[in-house]
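>>> Based on what follows, work out the 3D shape:
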Amino acid sequence: MAAACFLLLLLPLISAQTYRWGPCPTPKVQPGFNLQQYLGRWYEIEKLPASFERGKCIEANYSVRKDGTIQVLNSQFYKDKVRVAEGTAVVQDLREPAKIGVSFSYFTPYSPYWILTTDYTSLSVVYSCTDILRIFHVEYAWILGRSRFLPPETEQYARDVLSNEGVDMFRMQATDQTGCKDD
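Predicted coordinates for the structure are as follows:
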């Protein structure tokens with residue numbers, strides 16, 4: 001009974017997310033991942049719904065800080081304004097450098113940011129999942145590009161990567177990258 005009440009309280013918080021029953025899956029990540037090659041600007045091509053990403057022209061820029069952590073600058077155009085969120089990313093286990101942790105607040109733990117595949121120059125496929133009491137999980141997935149638009153065959157390849165890892169593609173949605181102002 002208490003678990004059911006807890007779930008009912010959480011549902012409004014996750015309504016703009018993708019949640020599924022059971023614990024998080026453990027997809028394969030990019031072997032031999034090279035963080036230095038991954039740094040720089042990535043544009044969001046498609047994603048699973050995320051309450052913190054409702055705008056257009058969504059992009060992320062990764063750079064190394066002096067302390068060795070990774071600065072994450074996410075930006076989007078929302079409600080007639082560019083909105084920027086700064087976070088920190090860390091490689092939590094050097095044996096698995098494609099499994100990065102990202103946090104946008106000193107008060108929140110690092111969330112998984114797993115690079116499933118990347119060629120570093122055009123495409124990255126990213127997955128994140130958080131268990132809620134191992135009863136259900138909240139998942140995110142992103143298809144990112146070094147340019148605002150990818151060829152259809154590249155997008156299909158990225159969708160196939162996610163689908164082959166068990167990600168439900170039904171809720172994937174394209175990000176509007178039209179009319180964006182580039183630096």
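>>> which residues of this structure fall in strands?
Ranges of strands in the chain, per DSSP state E, are 18-21, 40-47, 56-64, 70-78, 81-91, 99-103, 111-118, 123-132, 136-145, 173-174.
>>> Kindly format the C-alpha coordinates of the fourth one as PDB.
The reference is to strand 70-78. What follows is strand 70-78, C-alpha atoms only, in PDB (Å, rounded to 0.1, in the frame of the first residue of the first chain):
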ATOM      1  CA  ILE A  70      34.000  18.600 -17.300                       C
ATOM      2  CA  GLN A  71      32.000  21.700 -17.700                       C
ATOM      3  CA  VAL A  72      28.600  21.000 -19.300                       C
ATOM      4  CA  LEU A  73      26.800  24.000 -20.800                       C
ATOM      5  CA  ASN A  74      23.300  23.100 -22.000                       C
ATOM      6  CA  SER A  75      21.400  25.700 -23.900                       C
ATOM      7  CA  GLN A  76      17.900  26.000 -25.500                       C
ATOM      8  CA  PHE A  77      15.700  28.700 -26.800                       C
ATOM      9  CA  TYR A  78      12.500  28.600 -24.800                       C
END
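>>> related to what we said a few turns ago, want to throw the strands of the chain into TSV with mean neighbour count and mean pLDDT?
The C-beta positions use only the backbone N, C-alpha and C, and glycine is treated the same way. Converted to TSV, those look like this (neighbours: other CB atoms under 10 Å; pLDDT from 0 to 100):
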stretch	mean neighbour count	mean pLDDT
strand 18-21	14	73
strand 40-47	20	97
strand 56-64	18	96
strand 70-78	18	93
strand 81-91	14	92
strand 99-103	20	94
strand 111-118	20	96
strand 123-132	20	92
strand 136-145	22	91
strand 173-174	11	94
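>>> among the ones you listed, which is nearest residue 34?
Residue 34 lies closest, by CB to CB, to one member of those: strand 111-118, at 9.1 Å.
>>> packing partners for that closest one?
Counting contacts by 3 or more CB pairs under 8 Å, 6 or more residues apart in numbering; DSSP states H and E, strand 111-118 is packed against strand 99-103, strand 123-132, helix 152-164.
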